[in-house]
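Novice: Build me a model from this:
(one chain, ligands or ions: 2)
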Amino acid sequence: MSDLLTTQEYKSIAAGLSLPHQAFIDGSFRSAISGKTFATTNPATGADLTQIAACDAADVDVAVEKARDAFEDGRWSRLHPSARKEVLIKLAKLIKRNARELAVMESLDSGKTIFDCETVDVPETIHCLIWHAELIDKIYDQTAPASDDHLAMILREPVGVVGLVLPWNFPLLMLAWKIGPALAAGCSVVVKPAEETSLTALRIAELAMEAGIPAGVFNVVTGSGPDVGEPLGRHPDVDMVSFTGSTATGRRFLSYSGESNLKEVTLEMGGKNPAIVMADAENLDRVAAHIVNGAFWNMGENCSASSRLIVAREIKDALIDKIIAHAREWPMGDPLDPANRIGALVSQAHFDKVCSYLDGSQRILLGGTAENGFVEPTILEVPADAKAWREEIFGPVLSVTTVDTMDQAVALANDTEYGLAASVFSSNIKQALRAARAIRAGTVTVNSFGEGDSATPFGGYKQSGFGGRDNGIHAHDQYTQIKTLWIDLSDDADEAVS
Ligand SMILES: NC(=O)C1=CN([C@@H]2O[C@H](COP(=O)(O)OP(=O)(O)OC[C@H]3O[C@@H](n4cnc5c(N)ncnc54)[C@H](O)[C@@H]3O)[C@@H](O)[C@H]2O)C=CC1
Ligand code: BAL
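Specialist: Residues are numbered from 1 along each chain as shown. Ligands and ions are numbered 1, 2, ... in the order given. Predicted coordinates for the structure are as follows:
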């Protein structure tokens, strides 16, 4: 990309950044009530970046109370949708104005490459916010069939105070996927960023105030899952939680809801996503480029990563050779070097988890080495009962196995507790579409890898998803609820409504 800077220029921006470190509640930054902090670290160097407010249930209580006050007095929730639109578009413009700073902050905090932060995370964040802002004053309520004496209206109302619990793999983008539709709908939000990556959510909250989002509407409470996520999930005055993260934690949010106020819960969780390549797939070189992108983009720290390659036996060697050639074009190293496509894994704990799958017991076709937070793109040939085949690794590790027929491939694709995404490569389009229908996953791509865009719903089948979809007009459903308004128009006041 011609407008990327040099490594030195990025490092000088990094050195000059002012890093937000306090929680953002009711329109201002504040320390945790306990006064506690925790370190956020640059995973590429191991150096501490800053100390972040380590909030707990007391801070969650204040944020929810302020969010409730804001929601009830209507300072945001009752604005004309076009007024909310204008403010959200202003926020998107402010993000654009601060794009470089946000990209560097995101890269430092998460280990993601500056190339991805500059070309994907920040621009897609802006696009997502604009998409939902532009949508909100174009949605019509409905009327239901009713007699001439009655009017039956179906109205959508903002759900209220929502908790948005975020993962660390796309800190900005997942924030946008959730605040875009939630704020557009008129909700007040309490955001809980992942403890590994709090910085950009805090900076966006500051920009949101500057854009004109009223105090109390957009709060960010930093801290650990048990200290902040759980109190939010259990809070009696939170109407809804939208979560993205692991299936294990998603399950907890269902329990929190069941054990508290039955708040609505939407869960976007893990994946072990298959890429099926049949012998008749056209242009293996192009297929290989898609597989490399699917498996290794964002260091494989992607819930929709193609982590299982199911390939027709007769083309396996040819395809693997091409995948290896493409993977070698993805340099690994300093995330602030714009030439690099593979950065550092998000944390030492996550690095250790990914390394535990590289125990030497598998046949390694590529990579397999890991050092100081960086894991090389790795391809493992494994049987379909191997741990690496079945469990979500969330690192740059592609597991491969062979089949003879599309039926075998689909059966293997579906042999998982997950159902987030899949891709199918075949020049026989009928066969490919039949397979796409048979695969139990929320997004299936044919002859490509991708997860859609702001306009297309994203979420999972089985243990990958619950309760709704991110993105598209469907995301709006998460943050609204339906009210029926029934009006008797008859002159006879005694006539029963029916
Ligand atoms: N679907 C996805 O996009 C993601 C999947 N993962 C998967 O999860 C694995 C573990 O990563 P984690 O960071 O531990 O994910 P996680 O699911 O534990 O964390 C996601 C969010 O939930 C919060 N959380 C954690 N424990 C909680 C609790 N007991 N109660 C309430 N909130 C809680 C975290 O603070 C974070 O904000 C990864 O290796 C990967 O396999 C992780 C992040 C994103
Ligand atoms: N791929 C975007 C959603 C996620 O990884 O959680």
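Novice: where does the stretch 351-498 of the chain come near ligand 1, residue by residue?
Specialist: When proximity is defined as C-beta under 6 Å from any ligand atom, the stretch 351-498 of the chain approaches ligand 1 at 353, 392, 394. For the C-beta atoms, the positions are set from N, CA and C on the backbone; glycine is no exception.
Novice: Of these, which qualify as buried by neighbour count?
Specialist: 392, 394 (16 or more other C-beta atoms under 10 Å).
Novice: In helices only, show me the residues of the stretch 351-498 of the chain next to ligand 1.
Specialist: K353 (DSSP state H).
Novice: Let's have the residues of the stretch 351-498 of the chain next to ligand 1 in JSON lines, adding pLDDT and distance to A248.
Specialist: Shown next, in JSON lines, are these (pLDDT from 0 to 100; distance: C-beta to C-beta, whole Å):
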{"residue": "K353", "pLDDT": "98", "distance to A248": "13"}
{"residue": "E392", "pLDDT": "98", "distance to A248": "10"}
{"residue": "F394", "pLDDT": "98", "distance to A248": "13"}
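Novice: What degree of burial does whatever residue of the stretch 301-450 of the chain ends up closest to ligand 2 show, as a neighbour count?
Specialist: In the stretch 301-450 of the chain, the residue that lies nearest ligand 2 is C303 (3.6 Å; C-beta to the nearest ligand atom). The tally of other residues near C303 (other C-beta atoms under 10 Å) stands at 28.
Novice: Name the SS class of it, please.
Specialist: coil (DSSP: H, G, I helix; E, B strand; the rest coil).
Novice: Now do the phi/psi pair for the closest residue to it other than its chain neighbours.
Specialist: Among residues not flanking C303 along the chain, G271 sits closest, at 4.8 Å (C-beta to C-beta, 6 or more residues apart in numbering). The phi/psi pair for G271 (degrees, to the nearest 10) reads phi -150, psi 160.
Novice: now swap in N340 and tell me
Specialist: The phi/psi pair for N340 (degrees, to the nearest 10) is phi -80, psi 140.
Novice: That one and M332, how far apart?
Specialist: Relative to M332, N340 is positioned 6 Å away (C-beta to C-beta, to the nearest Å).
Novice: Residue numbers of this protein in contact with ligand 1?
Specialist: 165-169, 192, 194-195, 224-226, 229-230, 233, 244-246, 249, 252, 269-270, 303, 350, 353, 392, 394.
Novice: with the residues of the stretch 351-498 of the chain next to ligand 1 in mind, which one is nearest to A92?
Specialist: F394 (29.4 Å; C-beta to C-beta).
Novice: W486: how many residues sit nearby?
Specialist: Neighbours around W486, by other C-beta under 10 Å: 11.
Novice: Shouldn't it be within a strand?
Specialist: Yes: with three-state DSSP as the criterion, W486 is located in a strand.
Novice: I figured it was touching A152, is that so?
Specialist: Yes: in this structure W486 lies within contact range of A152 using C-beta atoms under 8 Å: 5.3 Å.
Novice: got any residues that touch both of these two?
Specialist: Here W486 and A152 have A146 as joint contacts, going by C-beta atoms under 8 Å, 6 or more residues apart in numbering.
Novice: which residues of this structure score low on pLDDT?
Specialist: When residues are selected by pLDDT under 70, those of the chain lie in 1-2, 493-498.
Novice: that older thread, in helices, which of the residues of the chain next to ligand 1 appear?
Specialist: Per DSSP H, the subset of those in helices is 230, 233, 249, 252, 350, 353.
Novice: Most neighbours among these, which one?
Specialist: Going by other C-beta under 10 Å, G233 tops those with 26 neighbours.
Novice: so how far is A53 from that residue?
Specialist: 19 Å.
Novice: Enumerate every residue touching the residue lying closest to I179 once chain neighbours are set aside.
Specialist: The shortest distance from I179 to any non-neighbouring residue, by C-beta to C-beta, 6+ apart, is to V189 (6.0 Å). Neighbouring residues of V189 by C-beta under 8 Å, 6+ apart: 67, 161-164, 178-179, 182-183, 217-219.
Novice: V189 belongs to a helix, doesn't it?
Specialist: No: assigned with three-state DSSP, V189 falls outside any helix and is strand.
Novice: What about the residue lying closest to S490 once chain neighbours are set aside, how many residues nearby?
Specialist: Leaving aside its sequence neighbours, S490 sits nearest to D149 (C-beta to C-beta, 6+ apart; 3.9 Å). For D149, the neighbour count with other C-beta under 10 Å is 14.
Novice: Torsion angles phi and psi at G35?
Specialist: The phi/psi pair for G35 (degrees, to the nearest 10) is phi 80, psi 0.
Novice: ugh, wrong one, I429
Specialist: Torsion angles, degrees, to the nearest 10, at I429: phi -70, psi -30.
Novice: Might you report the residue contacts of R313?
Specialist: 402-404.
Novice: I misspoke; the intended subject was K430.
Specialist: Contacts of K430 by C-beta under 8 Å, 6+ apart: none found.
Novice: got it, and the one 4 residues further on?
Specialist: Under the criterion of C-beta under 8 Å, 6+ apart, the neighbours of R434 are M406.
Novice: mind running it again at 10 Å?
Specialist: By C-beta atoms under 10 Å, 6 or more residues apart in numbering, the contact list for R434 reads 406-407, 410, 424, 426, 428.
Novice: between the residues you listed, which has the most around it?
Specialist: V424 (28 neighbours).
Novice: What strands line up against the strand or helix carrying it, and which way round?
Specialist: Assigned by DSSP states H and E, V424 belongs to strand 421-425. Strand 421-425 has its sheet partners listed here by DSSP bridges as strand 273-277 (parallel), strand 443-446 (parallel).
Novice: tell me the most buried of the ones you listed?
Specialist: Highest mean neighbour count among those (mean count of other C-beta atoms under 10 Å): strand 273-277, with a mean of 28.
Novice: Export that strand to CSV, keeping only CA atoms.
Specialist: Taking Å, rounded to 0.1, in the frame of the first residue of the first chain, the C-alpha atoms of strand 273-277 are listed here in CSV:
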residue,chain,number,x,y,z
ASN,A,273,-13.7,-24.2,10.2
PRO,A,274,-13.2,-26.6,7.2
ALA,A,275,-11.9,-25.7,3.8
ILE,A,276,-12.8,-28.5,1.3
VAL,A,277,-10.8,-28.7,-1.9
